[in-house]
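In: Coordinates only, no sequence provided:
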């Protein structure tokens, strides 16, 4: 196999990716911002919950060790 024949499938792949990207319906800026806020709020709530659980479990373990 020569270099050109190996390069052709790679070129075809990127050509198909480009054409597929053209068919994607991208969200509006407003929708993207809404989704971003939802994700950020969810992450903060999950982090707070896990932090509280972690502190509680650490206190339980410390009480058991004493």
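Out: Perfect, I can see it now. Quantities reported herein were computed from a predicted structural model and do not represent experimental measurements.
In: where does residue 27 land in three-state SS?
Out: Residue 27 carries the three-state label coil when classified by DSSP: H, G, I helix; E, B strand; the rest coil.
In: Could you report the neighbour count for it?
Out: Residue crowding around residue 27 was assessed by other C-beta atoms under 10 Å; the count is 11. For the C-beta atoms, the positions are set from N, CA and C on the backbone; glycine is no exception.
In: Distance-wise, check the residue nearest in space to the middle of the chain relative to residue 49.
Out: When C-alpha atoms, centre = their mean is applied to the chain, the residue found nearest the centroid is residue 39 (10.0 Å). Between residue 39 and residue 49 the distance is 16 Å, computed by C-beta to C-beta, to the nearest Å.
In: And for residue 7?
Out: From residue 7 over to residue 49 (counting by C-beta to C-beta), the distance is 51 Å.
In: again, but for residue 12
Out: With the distance defined as C-beta to C-beta, residue 12 ends up 47 Å from residue 49.
In: In this protein, where is pLDDT below threshold?
Out: Segments of the chain classed as low confidence (criterion: pLDDT under 70) are 1.
In: can we see that at 80?
Out: Within the chain, the set of residues satisfying pLDDT under 80 comprises 1-2.
In: so where do the strands sit in this protein?
Out: Ranges of strands in the chain, per DSSP state E: none exist.
In: can you pull out the helices in this protein?
Out: 3-23, 29-65 (DSSP state H).
In: Pull out the buried positions in the longest one.
Out: With burial defined by 16 or more other C-beta atoms under 10 Å, not one residue of helix 29-65 is counted as buried.
In: Okay, residue 16 and residue 22: tell me how far apart.
Out: To residue 22, residue 16 is 11 Å away according to C-beta to C-beta.
In: And those two? Which one has more around it.
Out: residue 16 (10 against 6).
In: need the contact list for that one.
Out: With contacts taken as C-beta atoms under 8 Å, 6 or more residues apart in numbering, residue 16 has no neighbouring residues.
In: Since that was my last question, I'll sign off now.
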